[in-house]
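*Asks:* kindly return the folded structure for what I paste below:
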Amino acid sequence: MSVIAINPCLNCGACCAYYRISFYWAEAAPELGGTVPPEFTEQLTSTRAAMKGTHGRNPRCVCLAGAVGEPVHCAIYPQRPGACREFEYSWKNGQPNERCDQARAAHGLPPLPGPAPVTPDHPIAPEAA
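*Replies:* Now for the predicted structure:
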């Protein structure tokens, strides 16, 4: 099974080009154990930072590689901020995510389909009347 079939985010990227990705500034402070590369961030306040490109009118994270709705990936995936790690695509854990659906809709993408209904492998024959 391909990775794309397992993780629909690899054919989407809408959230990376719709939301401001903000987080506690220390996530981009290597001297404090932060893992987000500071060169891809900008300071918002004394305690908050954001991924470059996401704080403005037409947000798009500088680390999003590819076109929204096509094969995409995060250029710093292992080092992404907590906000990205915590964002779940719709139905990942059996529940829809309104924010995922909203980002997809903004880019003209349909919501991710929910889980398929469970059906038995062998349908039960109707009882004879």
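*Asks:* surely Y18 meets L109?
*Replies:* No. Using C-beta atoms under 8 Å, Y18 makes no contact with L109, being 10.6 Å away. All C-beta atoms are positioned from the backbone trio N, CA, C, and that covers glycine.
*Asks:* which one of these two has more residues nearby?
*Replies:* Y18 (22 against 16; other C-beta atoms under 10 Å).
*Asks:* I'd like the distance between the more buried one and P59.
*Replies:* 6 Å (C-beta to C-beta, to the nearest Å).
*Asks:* quick one: the helices in this structure?
*Replies:* 3-6, 82-86, 98-106 (DSSP state H).
*Asks:* which one of the ones you listed lies closest to T41?
*Replies:* Smallest distance to T41 across the helices of the chain (C-beta to C-beta): 11.6 Å, for helix 82-86.
*Asks:* report the buried residues of that closest one.
*Replies:* Using 16 or more other C-beta atoms under 10 Å as the test for burial, helix 82-86 gives A83, C84.
*Asks:* start at 30 instead
*Replies:* Okay, using 30 as the starting number, the last item reads as helix 111-115.
*Asks:* right, I'll leave it there.
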